[in-house]
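Novice: coords please:
(4 chains)
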Protein chains: 2
Amino acid sequence: MAHVRSRRAEASAPAAAVQQNVPDGPLFDPVDRDPAYTRVAAAIEAKILARELRAGDPLPPETELAQQFRVHRSTVREALRRLESAGLIKRPPGAKRMVVSRPAASQVASGMRHALVLHDVTFVAVWEAMMVIEPEVAALAAVRRTQADLSALVATHEAFKASPKGDPHAVEIVARFFELLGAAARNQVLVLAKQSLTRALAPSLARMIDTVPQARSRISDAQKKIIASLREKNVEEARRWMSKHVRDFKRGYEVAGISPETPISA
Amino acid sequence: MAHVRSRRAEASAPAAAVQQNVPDGPLFDPVDRDPAYTRVAAAIEAKILARELRAGDPLPPETELAQQFRVHRSTVREALRRLESAGLIKRPPGAKRMVVSRPAASQVASGMRHALVLHDVTFVAVWEAMMVIEPEVAALAAVRRTQADLSALVATHEAFKASPKGDPHAVEIVARFFELLGAAARNQVLVLAKQSLTRALAPSLARMIDTVPQARSRISDAQKKIIASLREKNVEEARRWMSKHVRDFKRGYEVAGISPETPISA
DNA sequence: AGTTGTCCTATTGTCCGACAATCCGACCAA
DNA sequence: TTGGTCGGATTGTCGGACAATAGGACAACT
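Specialist: Predicted structure coming up:
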């Protein structure tokens, strides 16, 4: 395995190219100089996106990859961390080799949550997005829901009603209700987007529910009405009640004295 | 720096713990055994999300991190690749040290695109999501747009009209139009979601525009109408025209003879 | 004064080589 | 069938090394 000690040559060749007067813009483009681990990662990523490597396929062992790419194993490993974090590969619990995988919804959601948090996105911004998406999801769900969807929603609704007063779990149940609704809407894209929003909102929502006494009953009521609308496949009602439901969140914040400009917390 | 050769001890201690009969659920939780690079990454990530490390702050040099965490530099580097791919840290072009950063919108979008592609999400699914989001974004934009937003939109619209027939660039201009609209709506969350959708749709959209002769003029027309609605701050019209605009995309696909079930391509 | 060349140091990118822990399958004993 | 034991394959981690580059300081040149 030959040492790679030729970066200078690689970099200076283009810079020494013919020079001419060019009216506008920079004369040269910045020369490509991404590290090997980036290229290795990109190469593997490309094969995955092109389906040459399918989800579930085991990746060749690190040593072999190193030989093929003509880089050191450490370099390969850095590339693998890249892909791992992107959710393109993962290690099944208790397995040795890495396998190709499809990014889990939760992974995408958490990526978006990070972005929202670090960009100081406020509660209203997320809420506004929910106001846009959720009612339409409910409408879709009213059309497409199966019996199984209904049962799952009912079960979750019951779980919420049964959850004790100060239960920190309650928010998770609310979140699950939203997720099930997304599933019933049969649209993976919206599910992904929704999930990100719910997850981002969850922590502050928890505070709100604990603070506002009426919150629990209002939520429970809305859930009941939404389920009923879905059962009757009443699109308009589903949309309307979900709208109300989400709007209530903001009201809850106001009642709790939390500013709408509160940034999403980590 | 001491070698760490004690994984067995660490792992078997809990497994050797007291055993008792427990009625339900597994007797033991799976023992934590994530590799060091994961923990290092998690530790740094936590500090970033907690704002102890702010965007722009330079990360300590790898050697120093290695000393602090008591791990080898290679291990630190693997952790850094993780964070890098998550967009939490990056290297400013031509800099040496890594700096803390906030995940760029484009990064989140490309993550979601990967997910959509690998989950075989179809064109209709993305289109449906656009039908949900875009009209509302247009409505918001009609309320919040500034003069500058209008100018930018107009400029892009002109660019689209001016783009030559077979220009593969045209789609990018269409995408930009959508992005500007998102910016005008002043909601970062929706911008993020939108961007993912547009990006995911772009490649197949390109094929459609090239195939369907009327596509260009219809798009141009819709853009004009949308801009006009924003100018007048006419919320209803904005929503209506955007709805039409997006609906047209699907029509274009039908005319082009592309199945709505076509999966999003890479 | 502005440009260019030289030298140093801090830090990254990459490599080499090594070894313990673990997984896996095969093979054997009870 | 169930429960050891054994060897090979592969990962996680480490120590250690060196070239390449960024950034700064400072002298030399025009």
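Novice: tell me which element A:Arg81 is part of?
Specialist: If you go by DSSP states H and E, A:Arg81 is part of helix A:73-86.
Novice: ditto for A:Phe178
Specialist: Assigned by DSSP H and E, A:Phe178 belongs to helix A:170-185.
Novice: same for that helix, what does it pack against?
Specialist: If you count contacts as 3 or more CB pairs under 8 Å, 6 or more residues apart in numbering or on different chains; DSSP states H and E, helix A:170-185 packs onto helix A:123-144, helix A:147-162, helix A:188-211, helix A:215-231. C-betas here are computed from N, CA, C, even on glycine.
Novice: CA atoms only: put the shortest one into CSV for me.
Specialist: In other words, helix A:147-162. Presented in CSV, the C-alpha positions along helix A:147-162 are these (Å, rounded to 0.1, in the frame of the first residue of the first chain):
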residue,chain,number,x,y,z
GLN,A,147,-59.7,0.1,10.3
ALA,A,148,-56.3,-0.7,11.8
ASP,A,149,-55.3,3.0,11.8
LEU,A,150,-58.5,3.8,13.7
SER,A,151,-57.8,1.2,16.3
ALA,A,152,-54.3,2.4,16.8
LEU,A,153,-55.5,6.0,17.2
VAL,A,154,-58.2,5.0,19.6
ALA,A,155,-55.7,3.0,21.7
THR,A,156,-53.4,6.0,21.9
HIS,A,157,-56.2,8.3,22.7
GLU,A,158,-57.2,6.0,25.6
ALA,A,159,-53.6,5.9,26.7
PHE,A,160,-53.6,9.7,26.9
LYS,A,161,-56.8,9.8,28.9
ALA,A,162,-55.4,7.2,31.3
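Novice: what angle separates that helix from helix A:215-231?
Specialist: For helix A:147-162 against helix A:215-231, the angle by axes from the mean of the first three to the mean of the last three CA atoms, to 10 degrees is 170 degrees.
Novice: Can you classify A:Arg51 by secondary structure?
Specialist: Here A:Arg51 is recorded as coil under DSSP: H, G, I helix; E, B strand; the rest coil.
Novice: quick one: it and A:Lys244, what's the gap?
Specialist: 44 Å (CB to CB, to the nearest Å).
Novice: more neighbours, those two?
Specialist: Neighbour tally, A:Arg51 and A:Lys244, criterion other CB atoms under 10 Å in any protein chain shown: the higher count belongs to A:Lys244, 16 against 13.
Novice: Please tell me how far the closest residue to the more buried one other than its chain neighbours sits from chain B.
Specialist: Nearest residue to A:Lys244, sequence neighbours excluded (CB to CB, 6 or more residues apart in numbering or on different chains): A:Ala222, at 6.2 Å. As defined by CB to the nearest CB, to the nearest Å, A:Ala222 lies at a distance of 20 Å from chain B.
Novice: Tell me how many other residues surround the residue of the stretch 101-250 of chain A found nearest DNA strand C.
Specialist: Residue nearest to DNA strand C within the stretch 101-250 of chain A: A:Ser101 (15.6 Å; CB to the nearest atom of the strand). For A:Ser101, the number of neighbouring residues by other CB under 10 Å comes to 20.
Novice: residues touching it, list them.
Specialist: Going by CB atoms under 8 Å, 6 or more residues apart in numbering or on different chains, A:Ser101 touches A:55-56, A:87-90.
Novice: Distance check, it against A:Ala55.
Specialist: Separation of A:Ser101 from A:Ala55 (CB to CB): 6 Å.
Novice: repeat for A:Arg199
Specialist: 24 Å.
Novice: Which one's more surrounded, these two?
Specialist: Set A:Arg199 next to A:Ala55 and count neighbours by other CB under 10 Å: A:Arg199 wins out with 20 against 15.
Novice: pretty sure that one contacts A:Gly111?
Specialist: No. Taking contacts as CB atoms under 8 Å, A:Arg199 lies outside contact range of A:Gly111: 10.6 Å.
Novice: Which one (most neighbours) among the contacts of A:Ser101?
Specialist: Highest neighbour count within those, by other CB under 10 Å: A:Leu88, with 26 neighbours.
Novice: Give the closest residue to it in space, chain neighbours not counted.
Specialist: Closest to A:Leu88 by CB to CB, 6+ apart is A:Ile48, at 5.3 Å.
Novice: picking up where we left off before, which neighbours does the helix or strand just after the helix holding A:Arg81 have in its sheet, and in what orientation?
Specialist: Counting by DSSP H and E, the element after helix A:73-86 in chain order, helix or strand, is strand A:89-90. Paired neighbours of strand A:89-90 in the sheet (DSSP bridges): strand A:99-100 (antiparallel).
Novice: pLDDT score assigned to the one residue in the stretch 101-250 of chain A that gets nearest to DNA strand D?
Specialist: Of all residues in the stretch 101-250 of chain A, A:Ser101 sits closest to DNA strand D, at 14.7 Å by CB to the nearest atom of the strand. Confidence at A:Ser101, expressed as pLDDT, is 96.
Novice: and it, backbone torsions?
Specialist: For A:Ser101, the backbone dihedrals (degrees, to the nearest 10) come out as phi -150, psi 170.
Novice: likewise the one 10 residues further on?
Specialist: The phi/psi pair for A:Gly111 (degrees, to the nearest 10) reads phi -60, psi -50.
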